[in-house]
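Asks: quick one, structure for this:
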Amino acid sequence: MRSAPVVGGVNVQKGNGEIIRLRRGASIADFADKLEALRGYTVQPGTLVTILFNLGEMATATESLDEATFEVLGAELGYKIQMVSPEDEDKELLEGFGLDLEAELEAESEDDLEIRPPVVTVMGHVDHGKTRLLDAIRQTNVVAGEAGGITQHIGAYQVWTEHEGIERAITFIDTPGHEAFTAMRARGAQVTDIAILVVAADDGIMPQTVEALNHAQAAGVPIVVAVNKVDKPDANPAKVRQQLTEYGLVAEEYGGDVMFVDVSARQGTNIQALLDAVLLTADAGLDLTANPNKAARGVAIEAKLDKGRGSVATVLIQSGTLRVGDAIVAGTAYGRVRAMIDENGDAVDEAYPSRPVQVQGLNSVPRAGDVFIVTEEDRLARQIAEKREAAERNAQLAKARKRISLEDFTRALEEGKVESLNLIIKGDVSGAVEALEESLLKIEVDDSVQLRIIHRGVGAITESDINLATIDNAIVIGFNVRPDTKARERAAREGVDVRFYSVIYNAIDDVEQSLKGLLKPEFEEVQSGVAEIREVFRSSKFGNIAGVIVRSGTITRNAKARVIRDGVVLADGLAIESLRRFKDDVTEVRTDFEAGIGLGKYNDIQVGDEIETTEMVEKPRG
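Replies: Reported below is the predicted structural model:
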């Protein structure tokens, strides 16, 4: 190849704004390969390392870099950098092996397609009877009957029922809740066709009901509502219908298009009517077809390591037919199908579209939501798995992918990249959440941008909230509440922007300024330390003294502090007025050390409370 011309003392030809696509966790060597392919001459990675060094960034040729660093390098050389999403990355990887799944689907004619059973996920609030309802549905199975029963739980199963004189199958995914549902969406697995939302007739709408509903609506799947426990004396199904109207689910009898079925899982009432409602919903609004006459494609629903059988994965076939002996790859796991078992514990030789089966023979455990495909031979399956594993490892070495923040949103808005700002609101009381939501939705902005509140709830910010924010690129607003430990770690890992407010107007101002493109980075409150109260000492002279252990960060004397109980802020604007280790006054106490803290005149503390200290840090502008 010819060598690069020298432009401005740099041995790389300047670009004209061409787009260079890079995968997550790519290195300078990968960037050099892309330039070489684009320009037709050899580009030495070392040259790019030098250019990056002159721009104030140090990196080696093989080190995984983040998007921001590549953008700096690309701008200097006259190229636009486009980071490839995990889904596109995997698509390109498979195309490199001659497997274009989208083209394969497009090439199928109507003659190739056959009707497949709907795939249903049951969701709802804890204790509203999801498990009992699933048990009741299993017992109505006209194929298994009561004699066969379900001998083992495989995370998904198929039931047969008579509908309009024809025996029809329905596949149920028995996930541990909407967290798994979201985790599968996070990996691009659109598995569910219909969601059954279970609501107890005596309890009505609860926080997790709303959460489940928001997850289902975000996934864009039709919803059938099962109003359970109608046999209870205080059951009020009409109230449930009325409450759900506020969330956009309007019953057919009220002129809407959502089917509501009053059931009693305990007594087995109306279970058949619920199955009929699912099939009617599927027939009315969904085109559920698949080609069974090709190599299987599908999704791993759950997987585990079994001592006797090795890696065991429950997979759902989405198209094609899976057979014993097929070479398969699921995520970074690969192998041959050694055996397939259905929900009754029986061995099966073939599995058709919408059929869930347990597969043995993979070399490792795939993740929930990993797409699996059948390849012509073992070697190809292994090569795909190894490539995926290498890409995943590189992506982890790169800096954590930064989700959108309010500042990023402002910048993206100016560049015309986004048109809606997604928010999740959590507060200490429902009144405050409703007031904040109402005020935010009244903000008047240009028609080109919209504000979407995809979830709101009462209580501490949970891992599930962060999950939802991760999928829908949302910003989390906490009003007088804090994230729990798992949520805090997840938010940091995923780069989700979580904002805390104690005054409604501050939240409204920030969002309004962001929507109008006026938000300027100023000072932000950063958590400097968290201490857990282990004991409370009473002192006539100093009031209540908190005996604490520092859980994270550093507690500093005179730092600003707040008291948190069960995720809700009890008191704010306090100060660490006294800080002691044993009998000595100290200026700071670090993680895992014990201390005594005095909060001045504030005495409403108890064992289990958290004391969080904060400091104001100037945010970089730009």
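Asks: ok now stretch 255-273, how far from the chain's centre?
Replies: 30 Å (Cα atoms, centre = their mean, to the nearest Å).
Asks: ends of that stretch, what's the gap?
Replies: 20 Å (Cα to Cα, to the nearest Å).
Asks: what residues does that stretch touch?
Replies: Stretch 255-273 is contacted by residues 129, 132-133, 135-137, 139-140, 161, 201, 223-231, 237, 240-241, 244-245, 249-253, 274, 277, 280-281 when judged by Cβ atoms under 8 Å, 6 or more residues apart in numbering. No exception for glycine: its C-beta is placed from N, CA and C like everyone else's.
Asks: how does it look with 6 Å?
Replies: Residues outside stretch 255-273 that contact it (Cβ atoms under 6 Å, 6 or more residues apart in numbering) are 129, 132-133, 136, 140, 224-228, 230-231, 237, 241, 249-251, 274, 277.
Asks: one more: stretch 218-236?
Replies: 129, 185, 192, 194-202, 216, 237, 240, 259-265, 267, 274, 277-278, 281, 285, 472.
Asks: the contacts of stretch 255-273 in strands, which ones?
Replies: Within those, residues falling in strands by DSSP state E are 224, 225, 226, 227, 228.
Asks: distance of the fourth one relative to residue 217?
Replies: To tie it back to what came earlier, the one meant is residue 227. Going from residue 227 to residue 217 by Cβ to Cβ, to the nearest Å gives 18 Å.
Asks: looking at the two, which is more packed in?
Replies: residue 227 (28 against 16; other Cβ atoms under 10 Å).
Asks: who does residue 21 bridge with?
Replies: Note on residue 21: beta-bridge partners by DSSP bridges are residue 82.
Asks: how many residues are close by residue 580?
Replies: Counted with other Cβ under 10 Å, residue 580 comes out at 16.
Asks: what ranges in the stretch 101-250 of the chain fall below the confidence cut-off?
Replies: Low-confidence segments of the stretch 101-250 of the chain, defined by pLDDT under 70: 140-155, 175-189.
Asks: confidence-wise, which helix or strand of the chain is lowest on average?
Replies: When each helix and strand of the chain is scored by mean pLDDT, DSSP states H and E, helix 145-148 comes last, with a mean of 36.
Asks: strand partners of the next helix or strand after that helix, parallel vs antiparallel please.
Replies: Counting by DSSP states H and E, the next helix or strand C-terminal to helix 145-148 is strand 156-163. Paired neighbours of strand 156-163 in the sheet (DSSP bridges): strand 166-173 (antiparallel).
Asks: how about the strands of the stretch 501-622 of the chain, start to end?
Replies: Secondary structure of the stretch 501-622 of the chain (DSSP state E, counting those that start in this stretch): strands located at 523-539, 543-556, 560-565, 568-575, 578-581, 584-585, 588-590, 594-598, 610-618.
Asks: which strands or helices does the fourth one pack on?
Replies: It stands for strand 568-575. strand 560-565 (3 or more Cβ pairs under 6 Å, 6 or more residues apart in numbering; DSSP states H and E).
Asks: which residues does the strand it packs on contact?
Replies: Residues contacting strand 560-565 (Cβ under 6 Å, 6+ apart): 482, 569-572, 574, 576, 609-614.
Asks: just the buried residues of those residues.
Replies: Buried residues within the contacts of strand 560-565, defined by neighbour count using 16 or more other Cβ atoms under 10 Å: 482, 569, 570, 571, 574, 576, 609, 610, 611, 612, 613, 614.
Asks: out of these, flag the one nearest to residue 111.
Replies: Residue 111 lies nearest to residue 482 out of the buried ones among the contacts of strand 560-565, by Cβ to Cβ, at 58.1 Å.
Asks: for the closest one, give its distance to residue 511.
Replies: 20 Å.
Asks: can you list the buried residues in the longest helix along the chain?
Replies: The longest helix of the chain (DSSP state H) is helix 378-397. Residues of helix 378-397 classed as buried by neighbour count (16+ other Cβ under 10 Å): 380, 381, 382, 383, 384, 385, 387, 388, 391, 392, 394, 395.
Asks: which elements pack onto that helix?
Replies: Applying 3+ Cβ pairs under 6 Å, 6+ apart, one finds that helix 378-397 contacts strand 327-330, strand 333-341.
Asks: out of those strands, which one sits most buried?
Replies: Of all the helices and strands packed on helix 378-397, strand 327-330 carries the top mean neighbour count, a mean of 26, counting by mean count of other Cβ atoms under 10 Å.
Asks: give me every residue that touches residue 84.
Replies: By Cβ under 6 Å, 6+ apart, the contact list for residue 84 reads 21, 23.
Asks: the same query, at a cut-off of 8 Å, please.
Replies: Contact analysis of residue 84 by Cβ under 8 Å, 6+ apart lists 21, 22, 23, 24, 92.
Asks: closest to residue 585 out of these?
Replies: Checking those one by one against residue 585 (Cβ to Cβ), the nearest turns out to be residue 24, at 49.6 Å.
Asks: now residue 382: how far from residue 366?
Replies: Distance from residue 382 to residue 366, by Cβ to Cβ: 14 Å.
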